[in-house]
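Enquirer: what shape does this take:
(chains A and B)
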Amino acid sequence: MSEEYVLQLQHIRKEYPGVVALKDVSLELKKGEILALIGENGAGKSTLIKTCSGAVIPTSGKIVVNGSEHTSMTPQLAAENGIAIIYQEFNNVAELSAAENLFLGRPIKKGFIIDKAAMEKEAAKAFERLHIKINPKSLMKNLTVGYQQMVEIAKAIQQDAKILIMDEPSAPLTSAEVESMFEVVERLREEGISIIYITHRLEEIYRLSDRIVVLRDGEYVKTLATKESHVEELIHLMVGRELTETYPPRKDCINKDEIVLELQDVCGNGDEDINLQVHKGEILGLGGLVGAGRTELAHLVFGAARKKSGKMILDGKEINPKSPRDAIDLGIALVPEDRKRHGAMLGVSIKNNINMAVYERNSTLSVIDAKKEKKIANKYKDELAIKTPTLEQLVKNLSGGNQQKVILARWLAANSELVIFDEPTRGIDVGAKYEIYKLMNHLIEEEGKTILLISSEMEELMGMSDRIVVLAEGRVTGELDKSEFEQDKIMAFASAAGKEG
Amino acid sequence: MKEKVVYQLKDKAIWVVFIFLFVAFTIANTRFITPNNIITMVRQVSMYGIASIGMTFVILLGGIDLATGSIITFVNIICAYFMVHSGMNMYVAILLSLVLATLIGALNGFMVSTVGMPALIATFATQTIFKGLAYIISGGTPINGFTVDFKIIGQGYIGPIPVPVIIMVICFALGSFILNKTYFGRYFYAVGGNEEAAKLSGIRVGRVKYLVYSLSGLFAGLAGIVMLSRTNSAQATAGDGYEFDVITCVVLGGVSVTGGYGKLSNVVAGVLIIGALTNGMVLMNVSSYVQLVVKGLVLAFAVGFDCIQKKRQTT
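Expert: Here you go, the predicted structure:
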């Protein structure tokens, strides 16, 4: 068996405090094949490949490379065994030449002096082997993203890599660049190099791969021969989990005649020609993969980024928020995705965090109305059941769920008509999740608000939304009514854009 | 409960240091504790105190203001020039000088916020420019000959208390009011703690920066006026290196150099420690060179302490 496979991952398990990232995942890579590794966001693809490079130490399981067994890898061991990973972010130095980048960290030397000519000669050879035309002398910063990636690949090959792992290599490339990357990858396969190819784009799998491994929620699902599989089957395997979680029921408060927010051909911040409508009393779900342009769209509406063209209409009036302040004053709130970076002010008290968006409203001549400040903080502390002995507690001392509640409280205090939730339950426990869902229902039922919900969790998206608009690569690719909700359909829309663009 | 005690103690640690220092100097030299010396000491630090309020705001915001000393010098020269050479009314001259100081601060705000320059370089440039301008205006020679009324600001007493000390106390009260009672104060902490989140909470970060640097200019200008009145002579070297003493006071007072955390009440302790240290060392005939070494060490320890605490929190 070990003769047939160059790399075997056996029963890999990886636990982080409180989370199991990988549960008993096995994978086998044959010599000279392209193995596609697919799965939704958070399926565990990246964690799995990092166990091969030594960046992640598995909790249990075995890694068999070229017949020898290891319980974990180290970067040196990976290099010795000819394993190389091409990450999405390149590790290059912009101000150095292609040749120097190729030999970064292990320059060819003549005594103490770096032998540039020799490096350039070797680099030229490596590029030629891949049939790519890069001048070894040109500076990295002057190369296109596609060529920069080629330098990374050449570097791996030059270091005698036998196993090449590529993490979504097509994501940063233009379609012409993707084509030449494919050619290089196929050439490497002919040379007997084994490749693990991670991608979201299903059509690439059929173009390149020999076999497919599907992961879902950190678990191994199935291995398929590419020729015998079809797209619908793959989508179903990726998303085909049982829908177990229940969501609190919500009264129908939708008023189809009243459009709260309408976007007409909105472009900017990486999004193109976005058209959508959000009705009064509705939760509109925005589906799609990470990087599909949903957060970017939220930032456009919230004034955190400027649109290039198109119209945004709030309650029948065209709006052009220039800053989040403008948006807040117009009645828009954004509960941001990255709690630590964009939401909580960790070194500031709970009371101040909750009041942060409404201070200017509740001040006379810039002097804060302390009573009102305290009242607001207390009100939301009780309503959201924020667990803390005192409102003076700094937010950094709270748990993730409670931090999220504080941020929610800030936006509830702002009393906005349209609330955008960007991944509202990421990284918080089940109990707190349910409370947040109930809170969203409360906003709709009791307070007459409207919600735009961005979520990468398929269940949450389907469980909470009245309607779902799916984005892919900055464009709207589909829209589904509640009656049409199906994981497979959403996933198909979410991975659709590659075909057209 | 225990946590709360530890927290309280940590928060007030700087006052413990102050008392310790005070006792040590008292033991070392009996003249230290005399009412006369105490009043002298507090009067000596009043200029640091006034300037430290603006600096506290700037550092809370995660910035730095190296122009403080230069603004003090410039205000010295320009106010003296207005009064002596332009024959201006004293109050008009003071007011005009303070407006100019505030505008210099606003210039820093412009460079940091609108242009996006690093605060260190932007305020360093301002420092150099206005130092040069002070020399140009004064021609390098001192300006003397102010009215008796003007001397009251720096040399007068109300009862037993020197006027500069009263001005300092008023300034601290004002600073504390801005920091704790107005929303601007909340914004300083928010922007210093997490600029991106502050922006997304609707805080107009640019305006906050303008305000803070302008206030820093204003307080430095006020310190400059007090100094001019106290020395009774405008020198083009008056405020040289002042910013470093002021920064030391603020950082010693526990204001985090990376912004977002700190209390003005503790900055008062920082100011008093620097005052006691300088005064005590002079009484003990410590040479001014050694004093420099000590002050440098104090700055290093204060920042080091802050950084070690940060490290502990993250790991």
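
Enquirer: from now on I want contacts and neighbour counts done on CA atoms only, so please keep to that.
Expert: Will do.

Enquirer: which SS class is the nearest residue to B:Thr114 once chain neighbours are set aside?
Expert: Leaving aside its sequence neighbours, B:Thr114 sits nearest to B:Gly206 (C-alpha to C-alpha, 6 or more residues apart in numbering or on different chains; 7.1 Å). Recorded secondary structure, B:Gly206: helix (DSSP: H, G, I helix; E, B strand; the rest coil).

Enquirer: separation between B:Gly206 and chain A?
Expert: 11 Å (C-alpha to the nearest C-alpha, to the nearest Å).

Enquirer: same thing with B:Ile27?
Expert: Here B:Ile27 is placed at a distance of 40 Å from chain A (C-alpha to the nearest C-alpha).

Enquirer: neighbours of that residue, how many?
Expert: Applying other C-alpha atoms under 10 Å in any protein chain shown, we find 12 residues neighbouring B:Ile27.

Enquirer: and B:Val290, by the same measure?
Expert: B:Val290: 11 surrounding residues under other C-alpha under 10 Å.

Enquirer: which ones are touching it?
Expert: By C-alpha atoms under 8 Å, 6 or more residues apart in numbering or on different chains, the contact set of B:Val290 is empty.

Enquirer: same thing with A:Leu398?
Expert: A:Leu398 neighbours (C-alpha under 8 Å, 6+ apart): A:Thr388.

Enquirer: before we move on, what about A:Thr47?
Expert: Counted by C-alpha under 8 Å, 6+ apart, A:Thr47 has contacts A:21-22, A:56.

Enquirer: equivalent analysis for A:Tyr220, please.
Expert: A:23-26, A:213-214.

Enquirer: run a quick neighbour tally on the closest residue to chain B within the stretch 101-250 of chain A.
Expert: Chain B sits closest to A:Lys141 of the stretch 101-250 of chain A, with a gap of 23.8 Å, by C-alpha to the nearest C-alpha. Neighbourhood size, A:Lys141 [other C-alpha under 10 Å]: 15.

Enquirer: which helices and strands does the one helix or strand A:Ala409 maps to pack with?
Expert: Applying DSSP states H and E as the criterion places A:Ala409 in helix A:400-413. When contacts are defined as 3 or more C-alpha pairs under 8 Å, 6 or more residues apart in numbering or on different chains; DSSP states H and E, helix A:400-413 packs onto strand A:332-335, helix A:350-355, helix A:370-383, helix A:430-445.

Enquirer: switch to 10 Å and redo it
Expert: The contact analysis (3 or more C-alpha pairs under 10 Å, 6 or more residues apart in numbering or on different chains; DSSP states H and E) places helix A:400-413 against strand A:332-335, helix A:350-355, helix A:370-383, strand A:418-422, helix A:430-445.

Enquirer: buried residues in whichever helix or strand comes after the longest one?
Expert: Sequence-wise, the next helix or strand downstream of helix A:430-445 (DSSP H and E) is strand A:450-454. When neighbours are counted by 16 or more other C-alpha atoms under 10 Å in any protein chain shown, the buried residues of strand A:450-454 are found to be A:450-454.

Enquirer: from the residues you listed, which is closest to A:Asp338?
Expert: Set against A:Asp338, the nearest of the buried residues of strand A:450-454 by C-alpha to C-alpha is A:Ile454 (12.5 Å).
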